[in-house]
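S.K.: Need a 3D model of the following:
(one chain, ligands or ions: 2)
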Amino acid sequence: MKNKILVTGGAGYIGTHTCIALHEAGYEIVVYDNLSNSSREAINRISALIGQPIEFIEGDIRDAEMLRQVFLSHHFFGVIHFAGLKAVGESVAKPLLYYNNNVSGTITLLEVMAEYDVKNFVFSSSATVYGDPEILPIDESSSRSCTNPYGQSKLAVEHILEDLAVSDTRWNLIPLRYFNPVGAHPSGQIGEDPNDIPNNLMPYISQVAVGKLPKLSIFGNDYPTIDGTGVRDFIHVTDLAQGHVAALNYLERQVAPVGFLPINLGTGKGTSVLELVSAFSDVSGQTIPYQFTDRRAGDIASCYSSADKAKVLLGWQAKLSITDMCQDTWHWQSMNPNGYNVT
Ligand code: NAD
Ligand code: WQD
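M.R.: Numbering: from 1, shown residues only. Ligands and ions are numbered 1, 2, ... in the order given. Here you go, the predicted structure:
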């Protein structure tokens, strides 16, 4: 058995897939989640897929006392920190909630880690920290700026991690900057389960395909891109999960601390909104009705990663195609039209 990892937010979309990948790689995991955007059913499904009960603690990252109890009763090699709120629009309406949850919550977690001398930290950052990029593909040295409270909360945590690395050189702090995670576990048992009408493209397309929503609105067809629609670096969530395993393996191999080490997790390839709609339609055999509407405020034309740093340092690269992403999303959506809400 390998090292033990605390997975905050492990009941969520990316966390569930990463728990499975960590288990398969031999890590022992403890999930800590307040279920504010997830459900116990997700935990049950992880247990069923790995064939053994998973250790789950319902708790909030802002609750230092509860975290202390967890660190007292386990010896962790490190923490993968997914817990956070992620809806851009909601963050504009409720900035204090986002800063409290995402920034204060992370500070509390880091304080408790320091108390228990756990210094390996992998953080869910986002390509959103790059704002509207000047140069494509985007590498990790690109300038950072954000325009909404969600993005600001990710950037604020990155700055905190940079300062922490300077203050105490024993920390290993890896913000993984995800591009656009999509897809689902190939079993069809776990996937993305938005609470309400989806904000993001892939879950919206899949809910149109399954008949839950009448039509997709495509936000803008006058961008300077291949077909006028936005271009993004979609990455399969199981590839993303493997990126976390690679980051932990990398930390295990180090003889000296790495400090603050940001790494992109993307495929390096851009796909337009219309290309994704067409691929999903081919895979599912469903027509996806759509209409063009105005651009969405705050959207950028194109965003895709340079994936070189992850390849060189972590020995990781994304393997799965846009077809795989659509196939697995469709499998999950058609098997679970109501997500984890099985009643
Ligand atoms: P998710 O909402 O499915 O998962 C987040 C989990 O964190 C949920 O289970 C939620 O209940 C939990 N959580 C939230 N606040 C908490 C708190 N205070 N204490 C304990 N648990 C808490 O989101 P996801 O898509 O799996 O994203 C995981 C992380 O990756 C988030 O930090 C998100 O900002 C980041 N990220 C996501 C994307 C994306 O497109 N999905 C892209 C870039 C970065
Ligand atoms: C992708 C493309 C839209 C919905 C967001 C967050 C980012 C990160 C990932 C967390 C864009 C278009 C979308 C729809 C559309 N999350 N679109 N109709 O905006 O790249 O990134 O999720 O860190 O922070 O901002 O992803 O899936 O919302 O949009 O036409 O109904 O699809 O305009 O071009 P985005 P997305």
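S.K.: Pretty sure residue 273 sits against residue 230.
M.R.: Yes: between residue 273 and residue 230 a contact is recorded at 5.3 Å, counting by CB atoms under 8 Å. The way it works is simple: take the backbone N, C-alpha and C, and place the C-beta from them, glycine included.
S.K.: tell me, what's touching those two both at once?
M.R.: Jointly contacting residue 273 and residue 230 under the rule CB atoms under 8 Å, 6 or more residues apart in numbering are residue 219.
S.K.: what's near enough to touch residue 166?
M.R.: Contacts of residue 166 by CB under 8 Å, 6+ apart are residue 259.
S.K.: got a pLDDT number for it?
M.R.: pLDDT for residue 166: 98.
S.K.: Quickly find the element holding it.
M.R.: Here residue 166 sits within helix 149-167, counting by DSSP states H and E.
S.K.: where's the closest residue to residue 204 other than its chain neighbours relative to residue 16, distance?
M.R.: Nearest residue to residue 204 in three dimensions, chain neighbours excluded: residue 198, at 4.5 Å (CB to CB, 6 or more residues apart in numbering). To residue 16, residue 198 is 17 Å away according to CB to CB, to the nearest Å.
S.K.: And these two? Which one has more around it.
M.R.: Counting neighbours by other CB atoms under 10 Å for residue 198 and for residue 16 shows that residue 16 has the greater number, 32 against 18.
S.K.: residues in contact with stretch 335-343?
M.R.: 38, 39, 41, 42, 45, 188, 189, 191, 193, 194, 210, 212.
S.K.: For the residue nearest to residue 189 when sequence neighbours are not counted, give its distance to residue 336.
M.R.: Leaving aside its sequence neighbours, residue 189 sits nearest to residue 45 (CB to CB, 6+ apart; 4.9 Å). Distance of residue 45 to residue 336, given as CB to CB: 10 Å.
S.K.: go on, residue 219?
M.R.: Taking CB to CB, one finds residue 219 at 27 Å from residue 336.
S.K.: Compare those two (neighbour count), which wins?
M.R.: Between residue 219 and residue 336, counting by other CB under 10 Å, residue 336 is the more crowded of the two (20 against 17).
S.K.: following the helix holding residue 166, which helix or strand shows up next?
M.R.: strand 172-178.
S.K.: quick one, that next one and helix 149-167 angle?
M.R.: 160 degrees (axes from the mean of the first three to the mean of the last three CA atoms, to 10 degrees).
S.K.: can you tell me the average pLDDT over strand 172-178?
M.R.: Strand 172-178 comes out at a mean pLDDT of 98.
S.K.: And that strand, how far out from the chain middle?
M.R.: Centre-to-centre, strand 172-178 and its host chain are 11 Å apart (CA atoms, centre = their mean, to the nearest Å).
S.K.: Stretch 31-38 now?
M.R.: The chain centre lies 14 Å from the centre of stretch 31-38; the measure is CA atoms, centre = their mean.
S.K.: Can you tell me what sits against it?
M.R.: 6-13, 15-16, 19, 43, 46, 54-61, 67, 70, 83, 85-86, 193, 195, 340.
S.K.: give me the subset of these touching ligand 1.
M.R.: Among the contacts of stretch 31-38, the ones lying near ligand 1 by CB under 6 Å from any ligand atom are 8, 9, 11, 12, 13, 15, 60, 61, 83, 85, 86.
S.K.: Am I right that the residue nearest to residue 204 sits in a strand?
M.R.: No: with DSSP: H, G, I helix; E, B strand; the rest coil as the criterion, residue 198 is located in coil rather than a strand.
S.K.: hmm, stretch 87-103 touching ligand 2?
M.R.: Yes: under the criterion of CB under 6 Å from any ligand atom, stretch 87-103 makes contact with ligand 2 via residue 88.
S.K.: residues in contact with residue 203?
M.R.: So residue 203 contacts 192, 194, 329 (CB under 8 Å, 6+ apart).
S.K.: Leaving out the residues flanking it, which one is nearest to the last one?
M.R.: Which is residue 329. Ranked by CB to CB, 6+ apart and with sequence neighbours excluded, the top spatial neighbour of residue 329 is residue 206, at 5.1 Å.
S.K.: sec struct for the one you found, please.
M.R.: At residue 206 the chain is in helix, as set by three-state DSSP.
S.K.: so how many other residues sit close to it?
M.R.: Counted with other CB under 10 Å, the neighbours of residue 206 add up to 28.
S.K.: That one and residue 331 touch, don't they?
M.R.: No: contact between residue 206 and residue 331 fails when scored by CB under 8 Å: they sit 9.9 Å apart.
S.K.: which residues touch whichever residue of the chain sits closest to ligand 2?
M.R.: Closest residue of the chain to ligand 2, CB to the nearest ligand atom: residue 230 (2.2 Å). By CB under 8 Å, 6+ apart, residue 230 lies in contact with 219, 220, 223, 272, 273, 299, 300, 301, 302.
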